[in-house]
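Participant: Pasting the sequence and the predicted model now:
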Amino acid sequence: MTAAAAVIDREAERLTELDSPIGDADHGANMQRGFVAVAKMVETEPPATPGGVLTAAGRQLISSVGGASGPLYGTLLRRAGKALGDAPQVSAQELRSALGAGVDAVGQLGGSAPGDKTMLDALVPGVAALATSFDAAAEAAEGGALATVPILARKGRASYLGERSIGHQDPGATSSALLFSALAEVAK
Ligand code: ADP
Ligand code: MG
Ligand code: MG
């Protein structure tokens, strides 16, 4: 969570820039606000278990981010935290499957699927490649984010633009790729 907050802070401006042509130019600010709250929580009142950290982080995102991304990422983390339960330690395999459950929950909440030009275009290939390695997951998520450029948006604000959403990279898919890069960094 600390690494995630750092990478989001570093890239916030770019995320907001990506959200200007096909959104409302707030994705970087939304993510930054959310992850500042998460980092503070982890520092001041760290939960005792990995599952507890994910659940509390999800709760912070939901309560501190106004935009669509808050409830979506918040649900991902809360669902993943629930899957880990109160185990004091978790294996890489348990983390992978918990994140898989979290990504499924995003699709359920958003009524979205890969190909809609959303964060799921990075999250789904990212989670699938976790079976190989954390590095492979980061690469797959980055590839998924880049692949949103030629897609027509079917969900979220960008979908209001119809054809005009084509040719722009989805901000949420980009932040998802950043989160996978933070995970890969920490896993080293
Ligand atoms: P808002 O659109 O409310 O301003 P953000 O700018 O923070 O929220 O987040 C926008 C991102 O949220 C989009 O780039 C997209 O990746 C993601 N998103 C929006 N709607 C959905 C959805 N229904 N399913 C999955 N992801 C979505
Ligand atoms: Mg926005
Ligand atoms: Mg907004």
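Facilitator: Okay, I see it. Ligands and ions are numbered 1, 2, ... in the order given.
Participant: Looking at this protein, which residue reaches furthest from the middle?
Facilitator: residue 163 (25.2 Å; Cα atoms, centre = their mean).
Participant: Once you drop chain neighbours, what's closest to that residue?
Facilitator: Once flanking residues are discounted, residue 163 sits nearest to residue 152: 6.4 Å by Cβ to Cβ, 6 or more residues apart in numbering. Where you see a C-beta, it was placed from the backbone N, CA and C, and this is true even at glycine.
Participant: On the three-state scheme, that neighbour is what?
Facilitator: coil (DSSP: H, G, I helix; E, B strand; the rest coil).
Participant: Surely it is in contact with residue 164?
Facilitator: No - using Cβ atoms under 8 Å, residue 152 is not in contact with residue 164, being 9.2 Å away.
Participant: quick one, which of these two is more surrounded?
Facilitator: residue 152 (16 against 13; other Cβ atoms under 10 Å).
Participant: Give me the distance between that one and ligand 1.
Facilitator: Using Cβ to the nearest ligand atom, to the nearest Å, one gets 14 Å for the distance from residue 152 to ligand 1.
Participant: Also residue 131?
Facilitator: 23 Å.
Participant: Flag every residue of this protein that's near ligand 1.
Facilitator: By Cβ under 6 Å from any ligand atom, the residues of the chain that approach ligand 1 are 19, 23-24, 26-27, 30, 67-69, 72, 106, 110-112, 118-120, 155-157, 170-173.
Participant: sorry, back to before: contacts only, for the residue nearest to residue 163.
Facilitator: By Cβ atoms under 8 Å, 6 or more residues apart in numbering, residue 152 lies in contact with 117, 162-163, 165-166.
Participant: What is the burial count for the residue of the chain found nearest ligand 1?
Facilitator: Residue nearest to ligand 1 within the chain (Cβ to the nearest ligand atom): residue 172, separated by 2.0 Å. Counted with other Cβ under 10 Å, residues neighbouring residue 172 total 33.
Participant: Identify the spatial nearest neighbour of it, chain neighbours not counted.
Facilitator: Leaving aside its sequence neighbours, residue 172 sits nearest to residue 119 (Cβ to Cβ, 6+ apart; 3.6 Å).
Participant: Tell me which helix or strand the residue of the chain closest to ligand 1 sits in.
Facilitator: When elements are assigned from DSSP states H and E, residue 172 belongs to helix 171-187.
Participant: got the buried residues for that helix?
Facilitator: By 16 or more other Cβ atoms under 10 Å, the buried positions in helix 171-187 come out as 171-184.
Participant: Just the buried residues of the residues of the chain next to ligand 1.
Facilitator: Buried subset of these (neighbour count, 16+ other Cβ under 10 Å): 19, 23, 26-27, 30, 67-69, 72, 106, 110, 112, 118-120, 155-157, 170-173.
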